[in-house]
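**Student:** predicted coordinates and the sequence they were generated for:
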Amino acid sequence: QVQLVESGGGLVQAGGSLRLSCAASGRTFSRNIMAWFRQAPGKEREFVAAISRSGESTSYAEAVKGRFTISRDNAKNTVYLQMNSLKPEDTAVYYCAADTGITTAERMKAEGYYDYWGQGTQVTVSS
């Protein structure tokens with residue numbers, strides 16, 4: 001069982017930055033693929049970024065590539081999402097997700113393969 005708690009959301013002006021954190025409970029954090037998804041009002045939840053167990057491999061949605069950076073600290077059981085050059089269309093609830101069984105790059109982008117989810121943190125970008 002893994003419990004995930006996100007933090008770091010808030011209100012920021014367009015062009016600004018935020019760093020989201022996701023703290024995980026349990027002793028198996030390093031065995032989990034970690035990812036961030038987001039859900040904007042009236043839209044489906046979508047993939048944002050994912051990171052491999054070691055942190056050596058990352059994957060990003062096209063909409064955030066070059067602006068967002070996912071990283072992890074296995075010693076602190078925490079995954080981060082650094083968000084720069086924020087746009088109003090980045091406004092959403094951001095969710096952290098974890099799973100031990102994902103084995104392919106394509107599955108890292110699919111929410112259906114993640115067993116554990118946080119409660120979400122709101123990010124609002126004003127124009």
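**Tutor:** That came in fine, so what should we check first?
**Student:** please count neighbours and contacts with C-alpha atoms only from this point.
**Tutor:** Will do.
**Student:** among the helices and strands of this structure, which has the poorest mean pLDDT?
**Tutor:** Every helix and strand of the chain was ranked by mean pLDDT, DSSP states H and E. The lowest is helix 105-108, at a mean of 91.
**Student:** so who does the most centrally placed residue in the chain touch?
**Tutor:** Central residue of the chain (CA atoms, centre = their mean): Trp36, 1.9 Å from the mean position. Listed by CA atoms under 8 Å, 6 or more residues apart in numbering, the contact partners of Trp36 are Phe47, Val48, Ala49, Ala50, Leu81, Tyr94, Tyr95, Cys96, Ala97.
**Student:** narrow those residues to those in strands?
**Tutor:** Residues of the contacts of Trp36 located in strands (DSSP state E): Phe47, Val48, Ala49, Ala50, Leu81, Tyr94, Tyr95, Cys96, Ala97.
**Student:** need the per-residue pLDDT for the nearest residue to the third one once chain neighbours are set aside.
**Tutor:** I take that to be Ala49. Distances taken as CA to CA, 6 or more residues apart in numbering place Tyr60 nearest to Ala49, at 4.4 Å, with adjacent residues excluded. You'll see Tyr60 listed with a pLDDT of 97.
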